[in-house]
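Asker: Below is the structure, and that's it, no one-letter string:
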């Protein structure tokens, strides 16, 4: 606990060094060679990904940085997800930036620094590291969202994103201050006076009721702040505009990386700081949180999917669809909270979220790579009508995007279906608990929303195949992006058909969630 | 007269509310930035007050980090505001409504 | 958890702050009032303010915007300035510091210098262009 254990942080140190190397290399490379920095990034991140996949899942939790940092199964799993996201973002950005023609060095180093933040987010064990690492992620993403600084849309996206993001940071900090006030601790696990490791949730559970209310206030404000980060209704207003205005690869990064980071933090706070209530004890604190999250999850599901229906712009549609997916992920959070309220420590919701995020990376990335290829790296034709007749103009591209859309909608046997399936079954499992039968309503809402989302995703597919092309211009598929897209699609199908090893990987994170 | 923890919390609560309302109501991006700083500083005040109450250092160290993060945030936000100002000669957030639907 | 003392300060501890506040406000007010009282007042009227023989009549507001390369320097100043905050707790612990913490701070400052180097190479503090 009280040791630096730098060796546990090697992935983060590697990332920081990679980011600095790219930042400095950009200063000394000839302008036409600078665009190769994208391949440097992809290469460097691939090495990291191989390294992470070769690391065995830890059997016990280890702490580094004097207790600021924890290395456990969940952290390792999410780091793998982030590394893959980073590679895909680097591949899709390279062609995009060539077309845009400005400063690749800053772009890729910002992507890497945001990834460093996400890696730290995966390993937080302290409110301090939570705040600093989440801000590292969002600050980099603010700049990336406004990266096309001569483009009005991008500037607007940047300013909207930073106002909302900074407000969320303020709320989070305020909430953390009250949790600290109630407990006197900012560490999630720490050495107690008797030399035993203590979870902060135990400390919260032992507080007098007045201080418990202070802590509840803190949790609520903190989770509202995190709600902004994961785009839960009613904290979602920024999402469609930022998704539409940001450069497409950044939108992809936002929709996967930033959302995963938010959910990791919610899970960490809930598993380590929100107390597990012993059966028969006073339920007030956790029970309130279950109700709050159930309401938010329901609203998010319906809002995201219903508001997506009338959209004309594919990027904006992906924004609303991303709100809908946040709703599904929140189902897992509700399940975990309900288990906590009933005094059980089974956390199937967490493994369902982990599996969903893993599947979501490939599905969403395939979709966004398809969009970058279709627009040829510009930001001109994101209207859904432009995709008319894509099946004739570029059959491979249309096929890949169709499979990605079907997986997002949750059609079996694709990866997206099983992600939704595990989340809904985790909530059904929670509904069996005493007094939580009403959670079945939420499970039903999840099922209904699969149908709603099917409608608007299939509308896009319909345009691709049923309508005549509006232009005969051939679509050039650059090989690296094509390979990345096809690989994603293959994985989406493989994860759907052979889930065994992937489910095992996702349930492997459960063993080390506590100490 | 003695000052209780509640007094600090009330001051912080007022500061935070002013900041939050300002972010939501004001239209000038620079004023919004100032209101955001107000929110962060209200949280810092809570941290310091509680650190004094508990008599430990954690809250104070947290404030150091919060201040640096706030500075970085302000720098990024100012830079983005300037980039937007160069495009459209205004920093009024009401004018940022190209994207609809 | 140790019981928390509810009282964490007394008003008397804040008297110096109050004194400082009164002093600052009264100094500002005093300077303003005194400059009005003691300063020479030139009689003004529109005719006297107009440009006479020498000079062009003003055609627009004199408060023109001019290129502020300055803002970049200001932003950079804020960033590099605020990093010093981490040196304070470090310096307080300097006497009883393991070598490891010393190296840690060297890494921190090293990264800061890398940022500085980047800023200079990018020409952010070079005002000679344009």
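Answerer: In hand now; what should we look at? Since this is a predicted model, take the numbers as computed values, not measurements.

Asker: From now on I want contacts and neighbour counts done on CA atoms only, so please keep to that.
Answerer: Will do.

Asker: Grab the nearest non-local neighbour of residue A:277.
Answerer: With sequence-adjacent residues excluded and distances taken as CA to CA, 6 or more residues apart in numbering or on different chains, residue A:277 is closest to residue A:343, at 4.9 Å.

Asker: For that neighbour, give its distance to chain B.
Answerer: 30 Å (CA to the nearest CA, to the nearest Å).

Asker: Go ahead and report the secondary structure state at that residue.
Answerer: coil (DSSP: H, G, I helix; E, B strand; the rest coil).

Asker: Give the phi and psi angles for it, as a check.
Answerer: phi 80, psi 20 (degrees, to the nearest 10).

Asker: how far is the lowest-mean-pLDDT helix or strand in chain C from where the chain is centred?
Answerer: In chain C, no helix or strand scores lower on mean pLDDT, DSSP states H and E than helix C:46-49, which sits at a mean of 73. Computed by CA atoms, centre = their mean, to the nearest Å, the chain-centroid distance of helix C:46-49 equals 38 Å.

Asker: circling back to that earlier point, roughly how far does the residue nearest to residue A:277 sit from chain C?
Answerer: 23 Å.

Asker: Quick one: neighbours of that residue, just the number.
Answerer: Counted with other CA atoms under 10 Å in any protein chain shown, residues neighbouring residue A:343 total 17.

Asker: okay, which residue is most central for the chain?
Answerer: Picking chain A for this. Centroid check for chain A by CA atoms, centre = their mean gives residue A:260 as the closest residue, at 1.8 Å.

Asker: think we crossed wires, I meant chain C
Answerer: Nearest residue to the geometric centre of chain C (CA atoms, centre = their mean): residue C:78, 8.6 Å.

Asker: you'd agree it is in a helix?
Answerer: Yes. Under three-state DSSP, residue C:78 sits within a helix.

Asker: which residues touch it?
Answerer: B:71, B:75 (CA atoms under 8 Å, 6 or more residues apart in numbering or on different chains).

Asker: And the residue lying closest to residue A:248 once chain neighbours are set aside, how far from residue A:482?
Answerer: Nearest residue to residue A:248, sequence neighbours excluded (CA to CA, 6+ apart): residue A:372, at 6.7 Å. As judged by CA to CA, to the nearest Å, residue A:372 and residue A:482 stand 11 Å apart.

Asker: And the next helix or strand past the strand or helix carrying the residue nearest to the centre of chain A?
Answerer: Under the criterion of DSSP states H and E, residue A:260 resides in helix A:259-272. Later in the chain than helix A:259-272, the nearest helix or strand by DSSP H and E is helix A:284-308.

Asker: ok, residues contacting that following helix?
Answerer: Under CA under 8 Å, 6+ apart, the answer for helix A:284-308 is A:212-213, A:216, A:220, A:232-234, A:274-277, A:317, A:320-328, A:330-331, A:333-334, A:337-338, A:340-341, A:439, A:442, A:445-446, A:449, A:452-453, A:456.

Asker: Pull up the gap between residue A:456 and residue A:243, please.
Answerer: In terms of CA to CA, residue A:456 sits 18 Å off from residue A:243.

Asker: The two: who's more crowded?
Answerer: residue A:243 (26 against 22).

Asker: how distant is the strand or helix carrying the more buried one from the center of its chain?
Answerer: Using DSSP H and E, residue A:243 sits within helix A:238-245. Relative to its chain's centre, helix A:238-245 lies at 16 Å (CA atoms, centre = their mean).

Asker: residues in contact with it?
Answerer: A:145, A:153-158, A:160-161, A:164, A:231, A:251, A:254, A:315-320, A:323, B:99-100.

Asker: any idea which helix or strand comes after it?
Answerer: Assignment by DSSP H and E places the next element after helix A:238-245 at helix A:248-253.

Asker: Show the secondary-structure elements that that following helix is packed against.
Answerer: Here helix A:248-253 touches helix A:73-100, helix A:127-145, helix A:238-245, helix A:348-374, going by 3 or more CA pairs under 8 Å, 6 or more residues apart in numbering or on different chains; DSSP states H and E.

Asker: Switch these over to CSV; also include mean pLDDT and distance to residue B:80.
Answerer: Shown next, in CSV, are those (pLDDT from 0 to 100; distance: least, CA to CA, whole Å):
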stretch, mean pLDDT, distance to residue B:80
helix A:73-100, 93, 19
helix A:127-145, 95, 8
helix A:238-245, 93, 14
helix A:348-374, 93, 25
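
Asker: could you dump those helices to CSV with distance to residue B:67?
Answerer: Converted to CSV, the helices and strands packed on helix A:248-253 look like this (distance: least, CA to CA, whole Å):
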stretch, distance to residue B:67
helix A:73-100, 27
helix A:127-145, 11
helix A:238-245, 25
helix A:348-374, 33
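
Asker: So for residue A:203, which of these sits nearest?
Answerer: helix A:127-145 (14.9 Å; CA to CA).

Asker: Just checking the closest one against chain B, any contact.
Answerer: Yes. Against chain B, helix A:127-145 shows contacts by CA under 8 Å from any CA of the partner chain at A:128, A:132, A:135, A:139, A:142-143.

Asker: picking that back up, now the contacts of helix A:284-308: which count as buried?
Answerer: A:212-213, A:216, A:220, A:232-233, A:274-277, A:317, A:320-328, A:330-331, A:333-334, A:337-338, A:340-341, A:439, A:442, A:445-446, A:449, A:452-453, A:456 (16 or more other CA atoms under 10 Å in any protein chain shown).

Asker: wait, residue A:105 sits on residue A:34?
Answerer: Yes. Counting by CA atoms under 8 Å, residue A:105 touches residue A:34, with 6.9 Å between them.

Asker: Can you report how many residues neighbour whichever residue of chain B sits closest to chain A?
Answerer: Of all residues in chain B, the one sitting closest to chain A is residue B:43 (4.5 Å; CA to the nearest CA). For residue B:43, the neighbour count with other CA under 10 Å is 28.
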